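Visitor: turn this into a structure:
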Amino acid sequence: MAKPIKTRKKTIDKSKTKEQRYREGVRDWADFYRQNPHRAISTHFQCTTLVWWQDFMIYLMFKSTTFFGLMVRGAGKSYIVAWSIILWAVLLPRSKIVIASGTKNQSRLLVTQKILGEIYNRFPKVRQEIDIKNSSVAQNDTYVKFYNGSEIVVVVGGDSARGHRASIVVYEEARTLDLSVMKNVLSKFKQNGDRRPRYKDNPKYARYKNPEKKKDIYISSGWFQSHYLYTMTMDAYRAMLEGKPQAVMSIHWGFPTADGFLDYETDILAEKEKSDYSEMWWQIENCGLFWSESEKSFCSYQQLMEIRKIKNPLIPIPDELYLDDRALKEWKKKNYIPKQQGEVRVLSADIAIMGGANDNTVFSVLRLIPNGNRYKKYLSYIEHQNNAHSETQSIRLKQLYEDFDIDVVCLDCMGNGMGVADASSKVQFSTKRNKEYPAWTVFNREDMKDRVFEVDISEALPVIYGIKQDAKFNHFLITWLKNSIETGRLELLVGSDEARDLIEEKGLKLSEHQILDMIAPNIETDLLVKELTALEISSQKNSSYLKVENPTMRKDRFSSCGFAVYYANIIEQDLSKNKKKKKSNLSSYLFHD
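Guide: So this is what the prediction gives:
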């Protein structure tokens, strides 16, 4: 790391005034710090906690016109970028710096948590530079002003950001930004965005060409080679090799581990030993690399991003409302999403046995809305339980069945789901809701239709579609789910960051715990996307059936979603047959002799 520079007293030139000596000192130190920006942090601002590779990254950002930083967890990405922005603002007066990200919350965090949070509070000399009274951390208007005329502005990557001017644009989590927005909106900020030093206020120097170059700083984790960011990074990499002022720096997990930011056993080894460990996501998130999707990949990340459109998830009813009829009625008026004409709602569950700490029980709700001869599928809710008893899982199924007005429950009745199916075959009582739930039975399996406990079969609700997982079933599950994604007939919830922004835009005063509860289905969908992109499929030996090639990897959400899509395709065939039959009957009537 850069150690504070030791200085010695200089002989005072008494032929110069105090102001002249002061100006010369400022000029000399400013010139030195501009050439050695990392030393300004350690010497002037007295921050001595940065390590050598963090100093080097700050140096490259300061010297390059285009910089790509591929950062891993634990590398202090936000902290490094925040210091770099402060240096530009302080050492280059009247600088205009824009921080842009795909979501409002992500770009604001750099200002609220780092610049005006940790750094501002810890370092007195930073406080001397920032005009805190004229700065703002408002939700839709976040900016930082400096006494020397510099300004940092936060924008969301979209058309609404037009109109800003900047000499430096920081693309925070660059992979979340749309390419057209980056090219046509954000990069245009630099047009007429040159820094205007005070000497240019003098007409004598007004036309003097400023040798400073405007900058683009891209910060991201590794990602997929099919993404545009990979192409941009490789272009900068080749330019760097040719000696142009562009740089690419990727940080491997070994760097923060060697310097104590991460612990090898708890942060690295434990992560690799998890049951849901994925080499693909490990390389992306912990090695700062771009992953090449193989031909065996179940689907591409880009395909999944294109179908993440649902902004309003289904919301389960809080347990305590069942104890207050009036409050329950008011809640339903405000939050319940009624069914559309002809809509079918499917609740599916991939069950994990109690004691399986590495497996989750996952519940998914798929809305099927008629669209011609097919159903448009909306995966509007996901939740999981871990290490839960079959009785508890069964009661939760019945609660969701009632909350969302479900038509069919898809359950694997030959595997782990058998215990839940048996628990559901009797009358059950929820103490949390003070409510009794009727018994259920399987309607599509002759060997299970009469499987009820302590209740007459006529009183049991035939709502369970019993699934038998075999090679043929798995083949059609893979095929139909993959087809629904590729054709866009399946839609998923938007990402958790976007969901958080949507909540904050409503101006609701919610605690962090309440926000996390509201975006929980979106977080589950984020995890589903990870599962789907990590899955690889291939043909079975001596068979044309497809199978999952990496079976040891966690795929609870994939299975739960797949069960619902499988059932949707079954009834979709009936929908198509019925429409053809109606058309045939109409034709025979119209053209009857």
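
Visitor: can you count the residues close to the nearest residue to Trp223 once chain neighbours are set aside?
Guide: Excluding the flanking residues, the one nearest Trp223 by CB to CB, 6 or more residues apart in numbering is Arg175, at 4.8 Å. Quick note: C-beta positions are derived from backbone N, CA and C, even for glycine. By other CB atoms under 10 Å, the residues close to Arg175 number 19.

Visitor: distance of Arg175 from Tyr228?
Guide: 9 Å (CB to CB, to the nearest Å).

Visitor: would you map the helices across the stretch 201-350 of the chain?
Guide: For the stretch 201-350 of the chain, applying DSSP state H, counting those that start in this stretch gives helices covering 228-241, 254-258, 270-272, 279-286, 301-306, 325-335.

Visitor: and these, which is most packed in?
Guide: Highest mean neighbour count of the helices of the stretch 201-350 of the chain: helix 279-286, a mean of 19 (counted as mean count of other CB atoms under 10 Å).

Visitor: who wins for proximity to Met57 among the helices of the stretch 201-350 of the chain?
Guide: Minimum separation from Met57 across the helices of the stretch 201-350 of the chain (CB to CB) falls at helix 254-258, 10.2 Å.

Visitor: could I have the closest one exported to PDB, CA atoms only?
Guide: Extracted C-alpha coordinates of helix 254-258, given in PDB (Å, rounded to 0.1, in the frame of the first residue of the first chain):
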ATOM      1  CA  GLY A 254      -7.000 -14.700  -4.200                       C
ATOM      2  CA  PHE A 255      -6.300 -11.000  -3.800                       C
ATOM      3  CA  PRO A 256      -8.800 -10.100  -1.100                       C
ATOM      4  CA  THR A 257      -8.200 -13.400   0.600                       C
ATOM      5  CA  ALA A 258      -4.400 -12.900   0.700                       C
END
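
Visitor: from the contact counts, what lies against it?
Guide: Contact analysis of helix 254-258 by 3 or more CB pairs under 8 Å, 6 or more residues apart in numbering; DSSP states H and E lists no helix or strand as a packing neighbour.

Visitor: which one, of the helices of the stretch 201-350 of the chain, ends up nearest to Arg554?
Guide: Of all the helices of the stretch 201-350 of the chain, helix 279-286 sits nearest to Arg554, with 11.2 Å by CB to CB.

Visitor: chain center to the closest one: distance?
Guide: Put simply, helix 279-286 sits 15 Å off its chain's centre (CA atoms, centre = their mean, to the nearest Å).

Visitor: for stretch 277-292, same thing?
Guide: 16 Å.

Visitor: what are the contacting residues of it?
Guide: Contacts of stretch 277-292 with the rest of the structure, by CB atoms under 8 Å, 6 or more residues apart in numbering, involve 70-73, 221-225, 227, 229-230, 233, 250-253, 268, 271-272, 530, 533-534, 553.

Visitor: try 7 Å this time
Guide: 70-73, 221-225, 230, 250-253, 271, 530, 534, 553 (CB atoms under 7 Å, 6 or more residues apart in numbering).

Visitor: can you give me the end-to-end distance of it?
Guide: Stretch 277-292 stretches 18 Å from its first residue to its last (CA to CA, to the nearest Å).

Visitor: output the lowest mean pLDDT helix or strand found in the chain.
Guide: Among the helices and strands of the chain, helix 556-590 carries the lowest confidence by mean pLDDT, DSSP states H and E, at a mean of 72.

Visitor: report how many residues lie close to the closest residue to Ile310 other than its chain neighbours.
Guide: Among residues not flanking Ile310 along the chain, Leu493 sits closest, at 4.7 Å (CB to CB, 6+ apart). When neighbours are counted by other CB under 10 Å, Leu493 registers 28.

Visitor: contacting residues around Leu493?
Guide: Applying CB under 7 Å, 6+ apart, we find Leu493 in contact with Arg308, Ile310, Pro313, Leu379, Pro521, Asn522, Thr525.

Visitor: drop anything exposed from those.
Guide: Listed as buried from the contacts of Leu493 are Arg308, Ile310, Pro313, Leu379, Pro521, Asn522, Thr525; burial here means 16 or more other CB atoms under 10 Å.

Visitor: what would the residues you listed look like in CSV with pLDDT and distance to Ser539?
Guide: Output for the buried ones among the contacts of Leu493, formatted as CSV (pLDDT from 0 to 100; distance: CB to CB, whole Å):
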residue, pLDDT, distance to Ser539
Arg308, 95, 29
Ile310, 96, 33
Pro313, 95, 36
Leu379, 97, 27
Pro521, 96, 34
Asn522, 96, 34
Thr525, 96, 29
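
Visitor: poorly predicted segments of the protein, please.
Guide: The chain contains residues with pLDDT under 70 at 1-2, 275-276, 294-295, 354-358, 542-543, 550-552, 576-593.

Visitor: still on that earlier bit, so for Lys6, which of the helices of the stretch 201-350 of the chain sits nearest?
Guide: With CB to CB as the criterion, Lys6 lies closest to helix 254-258 of these, at 27.5 Å.

Visitor: ok, residues contacting the closest one?
Guide: Identification of contacts with helix 254-258 by CB under 7 Å, 6+ apart yields Trp53, Val72, Gly74, Ala75, Leu262, Tyr264, Ile268.

Visitor: again, only using 6 Å
Guide: Applying CB atoms under 6 Å, 6 or more residues apart in numbering, the contact partners of helix 254-258 are Trp53, Gly74, Ala75, Leu262, Tyr264.

Visitor: now go through the residues you listed and say which are in strands.
Guide: Among the contacts of helix 254-258, none falls in strands (DSSP state E).

Visitor: make a PyMOL selection of the buried ones in those residues.
Guide: Buried residues within the contacts of helix 254-258, by 16+ other CB under 10 Å, are selected in PyMOL with:
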select buried, resi 53+74+75+262
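
Visitor: which of the contacts of helix 254-258 sits closest to Leu347?
Guide: Closest approach to Leu347 among the contacts of helix 254-258 (CB to CB): Gly74, at 38.8 Å.

Visitor: show me what contacts that closest one?
Guide: Residues in contact with Gly74 (CB under 6 Å, 6+ apart) are Pro256, Phe261, Leu262.

Visitor: hmm, who's touching stretch 224-233?
Guide: Contacts of stretch 224-233 with the rest of the structure, by CB under 6 Å, 6+ apart, involve Phe68, Ala174, Arg175, Leu179, Trp223, Val248, Phe290, Trp291, Ser292, Tyr301, Gln302.

Visitor: could you rerun that using 8 Å?
Guide: Identification of contacts with stretch 224-233 by CB under 8 Å, 6+ apart yields 68, 70, 174-175, 179, 218, 220, 223, 248, 284, 290-293, 300-302.

Visitor: restricting to C-alpha, output it in PDB.
Guide: Only the C-alpha atoms of stretch 224-233 are listed here, as PDB (Å, rounded to 0.1, in the frame of the first residue of the first chain):
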ATOM      1  CA  PHE A 224     -21.400 -14.100 -19.800                       C
ATOM      2  CA  GLN A 225     -19.400 -13.900 -23.000                       C
ATOM      3  CA  SER A 226     -22.600 -13.500 -25.000                       C
ATOM      4  CA  HIS A 227     -23.200 -10.100 -23.200                       C
ATOM      5  CA  TYR A 228     -22.100  -6.900 -24.900                       C
ATOM      6  CA  LEU A 229     -19.900  -6.000 -21.900                       C
ATOM      7  CA  TYR A 230     -17.500  -8.800 -22.900                       C
ATOM      8  CA  THR A 231     -17.100  -7.300 -26.400                       C
ATOM      9  CA  MET A 232     -16.400  -3.900 -24.900                       C
ATOM     10  CA  THR A 233     -14.000  -5.200 -22.400                       C
END
